[in-house]
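Engineer: need coordinates for the below:
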Amino acid sequence: MATDFDFITGDAHPRPAAMPYPSLVESMNVNLVVNDTGKIFILHDKKFPCVMNWVEYDTDSGQLALVAHDGTMIDFGMIIQAPIRKRMMNATDISTLLVGDNRIDDFYIMPLIIR
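Structural biologist: Below you'll find the model as predicted:
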């Protein structure tokens, strides 16, 4: 009796490598806002290409990257400058706001991992 599906093992068909995404700066209008108390906001005008789960901040390089549950990373696309770095050191999360036509279309809070 034939079935409508086949069973495939992971060894026989390895998962293809994820295609790299362009940085946020390259793919949309995006701003990073950090207030005096360390609250961090990413304002963007297009949806992220995949569901992002947390943000990683490398204090040595000043780079910020969004990370999906499968490890896919999207670089913010610019180096965080020294005056802003100090404000970010005690933050535990980042709020992302999808904005368009003078309104907030989506709002999400992601954990921030500081390395």
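Engineer: contacts, neighbours, all on C-alpha from now
Structural biologist: Fine.
Engineer: centre of the chain to the longest helix along the chain, how far?
Structural biologist: If you go by DSSP state H, the chain has its longest helix at helix 82-88. Mean C-alpha position of helix 82-88 versus that of the full chain (C-alpha atoms, centre = their mean, to the nearest Å) differs by 19 Å.
Engineer: can you list the strands that the helix or strand that that helix is followed by pairs with?
Structural biologist: With elements assigned by DSSP states H and E, the helix or strand that comes after helix 82-88 is strand 93-100. Strand pairing for strand 93-100, using DSSP bridges, gives strand 40-44 (parallel), strand 103-114 (antiparallel).
Engineer: and the residue nearest to residue 96 when sequence neighbours are not counted, how many neighbours?
Structural biologist: Nearest residue to residue 96 in three dimensions, chain neighbours excluded: residue 42, at 4.7 Å (C-alpha to C-alpha, 6 or more residues apart in numbering). Residue 42: 18 surrounding residues under other C-alpha atoms under 10 Å.
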